[in-house]
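Asks: I'd like to go over a predicted model; first the sequence, then the structure.
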Amino acid sequence: MSYSTITHALINYVESHLTNMSVTEMAKSFGFSETYLRELFYRHVNMPIMQYYKRRKLIASAFELLHSDKKILTIALEHGFSNPESYTRAFQRHFGMTPSRFRAKRPLMGGRLLEPGVFGLEQLDRKMKRSDENRMKPNKNKTILYGIRKIEHGTYGSNTMFPICVKAVSEYLGDTVSYAYIMAATGAAFRLVWNRNEWDLSNIDIYHTLNESNDIYRYGAKALGREFSFLGRNKETTKKEFSDYMKKTIANGYPIIALGIIGPPEPCIVTGFEEDGDIVMGWNFFQNDPEFASDISTLDNGYFRCHTWWENTDTQAVMCIGTLEDTSHHDRDIIKMALAVMEAREENTYAKGIQAYEAWKEMLLQEKWFENGSTFDTLFSMFLVQNDAMTCLQDGRKWAANYFEELADQREDTEKKLCMDISASFLKVSKAAEDMKDLIGDWNDTKAMLNNFGSRPIREKLGQLIDACQREDRRAYEQLNLLYQRYFSNK
């Protein structure tokens with residue numbers, strides 16, 4: 001091994017075992033004695049191996065302090081400290097402040113180059129966050145970005161995949177915005193789409209949100225004040241174009257948000273590559289699903305490792321939320337976009353915004369879809385579409401309500417009241433969607449759930465709840481328009 005290859009391998013091993021590293025196991029992995037491994041590590045990293053490991057654990061715990069609401073004791077135990085006192089002493093020695101003070105002060109943290117080809121979490125200053133200084137010396141052969149939060153259903157208390165990915169990437173890049181802000185800024189908090197022609201599982205795909213283009217993906221980057229680039233797949237697109245895009249981006253320290261890689265064309269995060277881009281690593285919502293993960297292996301830190309990403313024809317796009325721009329994003333832009341998303345309109349076969357409720361209810365009450373000849377599979381497929389719509393409202397409007405609560409905290413008097421009224425309407429929509437789910441039943445008894453869904457009386461009650469959602473969304477829309485016209489239109 002060359003000097004740089006050894007250093008890369010040593011640091012890479014530690015970063016991938018931050019939750020529980022053993023020098024004995026590391027020595028076995030490298031085929032060295034423990035004594036030789038310790039000497040080798042000190043020679044190449046200029047620090048004893050356990051000192052380096054404890055330092056990296058502290059930094060990972062500091063990131064968790066900033067981006068979770070876990071108790072400090074919980075974070076200390078999860079990062080291998082036996083009690084809060086030893087954790088606090090070690091933390092103060094390294095950061096010059098206690099964990100509670102660090103959490104209150106909220107210094108910047110994000111990904112930084114540790115060794116060519118290996119990025120990990122570090123404390124950043126604001127100048128560093130705005131520069132590419134920490135992204136020099138790219139390794140074009142293989143690079144991995146450690147420290148990006150695992151994405152799965154329930155991350156941040158949400159089930160909406162694209163905003164979850166944007167939030168995880170934003171944390172890694174050192175941004176400190178709330179998840180409610182991300183949900184609002186990506187339009188996910190305000191959307192509803194319904195295909196009038198069929199029970200369409202693509203209804204909730206985020207690219208339907210505005211005018212059925214991929215422009216909606218730009219909103220997440222714009223809200224963070226960052227550059228955005230996008231590469232879509234068509235008949236002429238080659239694997240080399242995709243792999244070159246990912247290699248260049250990741251080698252410079254920026255994660256990729258991709259559609260596909262494993263399973264359906266849903267968002268995921270690509271955090272690394274090997275073998276000239278033939279193999280990619282990262283987080284994917286379907287990486288543990290047996291239906292899609294037969295060719296997938298898992299790295300020690302949990303990242304998937306996939307060599308069949310291009311053969312998956314559902315790998316449809318790669319995009320990057322990149323360097324900071326000088327332009328700033330305003331709540332005005334979010335409110336204006338929310339109005340565009342919620343506007344009642346028809347686009348091709350899709351009813352969008354407030355108009356989607358009518359199309360949804362109409363199809364739900366059309367008996368032709370629920371005749372006696374409907375098979376279990378047909379009814380189940382239709383229910384998945386129904387469930388997607390309910391989840392879209394329950395999750396989206398909850399975060400829309402939270403966003404306007406946050407906005408109200410920054411305002412005064414009538415503007416504050418308008419924000420709180422909008423929040424209240426969105427919260428009622430979320431609650432009505434939850435009531436729909438309760439009416440149908442839960443997944444513990446699929447047969448009963450489908451029987452309820454197929455029942456005319458229950459579908460009529462669902463229709464009434466859909467009407468209630470539409471009324472509150474319309475009220476929120478009117479109040480949004482009033483808020484925009486009064487306080488934001490001339491800014």
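Replies: On my side now, so go ahead.
Asks: F119 looks like it's in a strand, true?
Replies: Yes - per DSSP: H, G, I helix; E, B strand; the rest coil, F119 lies within a strand segment.
Asks: Contact partners for it?
Replies: By CB atoms under 8 Å, 6 or more residues apart in numbering, the residues touching F119 are G111, R112, L113, T143, I144, L145, Y146, G147, G253. Using the backbone N, CA and C atoms, a C-beta is placed for each residue, glycine as well.
Asks: so how many other residues sit close to Y13?
Replies: Around Y13 sit 18 other residues, with neighbours defined as other CB atoms under 10 Å.
Asks: That one and M47: what is the separation?
Replies: For Y13, the distance to M47 equals 14 Å [CB to CB, to the nearest Å].
Asks: that older thread, and the contacts of F119 as JSON lines, adding distance to A359?
Replies: JSON lines is the format used below for the contacts of F119 (distance: CB to CB, whole Å):
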{"residue": "G111", "distance to A359": "43"}
{"residue": "R112", "distance to A359": "49"}
{"residue": "L113", "distance to A359": "50"}
{"residue": "T143", "distance to A359": "46"}
{"residue": "I144", "distance to A359": "45"}
{"residue": "L145", "distance to A359": "42"}
{"residue": "Y146", "distance to A359": "45"}
{"residue": "G147", "distance to A359": "43"}
{"residue": "G253", "distance to A359": "44"}
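Asks: quick check, nearest of those residues to S202?
Replies: L145 (30.4 Å; CB to CB).
Asks: Give the burial count for the closest one, as a bare number.
Replies: Using other CB under 10 Å, L145 has 27 other residues around it.
Asks: ok, what's across the strand from it?
Replies: Beta bridges link L145 to F119 when assigned by DSSP bridges.
Asks: how about it, what does it touch?
Replies: G111, F119, G120, Y172, I250, G253, P255, T271, G272.
Asks: Which of those residues ranks first by neighbour count?
Replies: Of all the contacts of L145, the highest neighbour tally under other CB under 10 Å goes to F119, namely 30 neighbours.
Asks: any idea how far that residue lies from G110?
Replies: Separation of F119 from G110 (CB to CB) stands at 10 Å.
Asks: again with A433
Replies: Distance, A433 to G110, by CB to CB: 35 Å.
Asks: Check D409 too.
Replies: Separation of D409 from G110 (CB to CB) stands at 26 Å.
Asks: For the closest residue in space to R149 that isn't next to it in sequence, give me phi and psi.
Replies: Spatial nearest neighbour of R149, chain neighbours left out: A168 (4.5 Å); criterion: CB to CB, 6 or more residues apart in numbering. Dihedral angles phi and psi of A168 (degrees, to the nearest 10) take the values phi -60, psi -40.
Asks: what do you get for the one 10 residues further on?
Replies: With angles defined as degrees, to the nearest 10, S178 shows backbone torsions of phi -70, psi 160.
Asks: Number of residues surrounding the spatially closest residue to N301 that is not a sequence neighbour?
Replies: Nearest non-adjacent residue to N301, counting by CB to CB, 6+ apart: S16, 4.4 Å away. S16 has 17 neighbours, counted by other CB under 10 Å.
Asks: For the stretch 351-491 of the chain, which segments count as helices?
Replies: For the stretch 351-491 of the chain, applying DSSP state H, counting those that start in this stretch gives helices covering 356-364, 376-409, 413-440, 446-454, 456-483.
Asks: Likewise for the stretch 1-150 of the chain?
Replies: Shown for the stretch 1-150 of the chain, the helices assigned by DSSP H, counting those that start in this stretch span residues 3-15, 23-30, 34-45, 49-67, 72-78, 84-95, 99-105, 126-130.
Asks: Relative to R456, which of these is closest?
Replies: Closest among these, using CB to CB: helix 49-67, at 47.2 Å.
Asks: That closest one vs helix 23-30, what angle?
Replies: 100 degrees (axes from the mean of the first three to the mean of the last three CA atoms, to 10 degrees).
Asks: wouldn't G232 be in contact with N214 here?
Replies: Yes - at 6.5 Å, G232 and N214 qualify as touching, with contact defined as CB atoms under 8 Å.
Asks: Please enumerate the shared neighbours of the two.
Replies: In contact with both G232 and N214: A317, using CB under 8 Å, 6+ apart.
Asks: more crowded one of those two?
Replies: The neighbour comparison of G232 against N214 (other CB under 10 Å) goes to N214, with 15 against 12.
Asks: how close does the more buried one get to T349?
Replies: 19 Å.
Asks: With D175 instead?
Replies: According to CB to CB, D175 and T349 sit 37 Å apart.
Asks: try V14
Replies: Distance, V14 to T349, using CB to CB: 53 Å.
Asks: lowest-confidence helix or strand of this structure?
Replies: helix 126-130 (a mean of 58; mean pLDDT, DSSP states H and E).
Asks: what about this structure, any weak spots by pLDDT?
Replies: The chain contains residues with pLDDT under 70 at 1-4, 126-138, 212-213, 326-328, 372-374, 491.
Asks: so how many other residues sit close to S22?
Replies: Neighbours around S22, by other CB under 10 Å: 11.
Asks: Now do the buried residues in stretch 236-249.
Replies: F242, S243, Y245, M246, K247, T249 (16 or more other CB atoms under 10 Å).
Asks: CSV for these, including distance to T209?
Replies: CSV is the format used below for the buried residues of stretch 236-249 (distance: CB to CB, whole Å):
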residue, distance to T209
F242, 24
S243, 29
Y245, 24
M246, 25
K247, 30
T249, 24
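Asks: I'd like to know which of those residues is nearest to T298.
Replies: Comparing the buried residues of stretch 236-249 against T298 with CB to CB places M246 closest, at 19.6 Å.
Asks: So what touches the host helix or strand of that closest one?
Replies: M246 belongs to helix 239-251 when assigned by DSSP states H and E. Helix 239-251 is contacted from outside by 117, 138-140, 143, 145, 229, 231, 233, 256, 258, 270-273, 276-278, 280, 310, 315, 318, 320, 322, using CB under 8 Å, 6+ apart.
Asks: C-terminal to that helix, what's the next element?
Replies: strand 256-259.
Asks: Can you list the helices and strands that whichever helix or strand comes after that following strand packs against?
Replies: Using DSSP H and E, the next helix or strand after strand 256-259 towards the C-terminus is strand 267-274. Identification of packing neighbours for strand 267-274 by 3 or more CB pairs under 8 Å, 6 or more residues apart in numbering; DSSP states H and E yields strand 143-145, helix 161-172, helix 239-251, strand 256-259, strand 279-283.
Asks: Can you report how many residues neighbour the residue nearest to E15 when sequence neighbours are not counted?
Replies: Of all residues not flanking E15 in the chain, Y146 sits nearest, at 4.2 Å (CB to CB, 6+ apart). Using other CB under 10 Å, Y146 has 24 neighbouring residues.
Asks: Quick check on Y146: phi, psi?
Replies: Dihedral angles (degrees, to the nearest 10) for Y146: phi -90, psi 150.
Asks: Please name the residues that touch the closest residue to S423 other than its chain neighbours.
Replies: Nearest residue to S423 in three dimensions, chain neighbours excluded: F404, at 3.9 Å (CB to CB, 6+ apart). Going by CB under 8 Å, 6+ apart, F404 touches C419, M420, I422, S423, F426.
Asks: Check the gap between the fourth one and A185 for me.
Replies: Going from S423 to A185 by CB to CB gives 16 Å.
Asks: Give me the more crowded residue out of those two.
Replies: Taking neighbours as other CB under 10 Å, S423 and A185 compare with A185 leading, 25 against 22.
Asks: Check the spacing between that one and E25 real quick.
Replies: Taking CB to CB, one finds A185 at 43 Å from E25.
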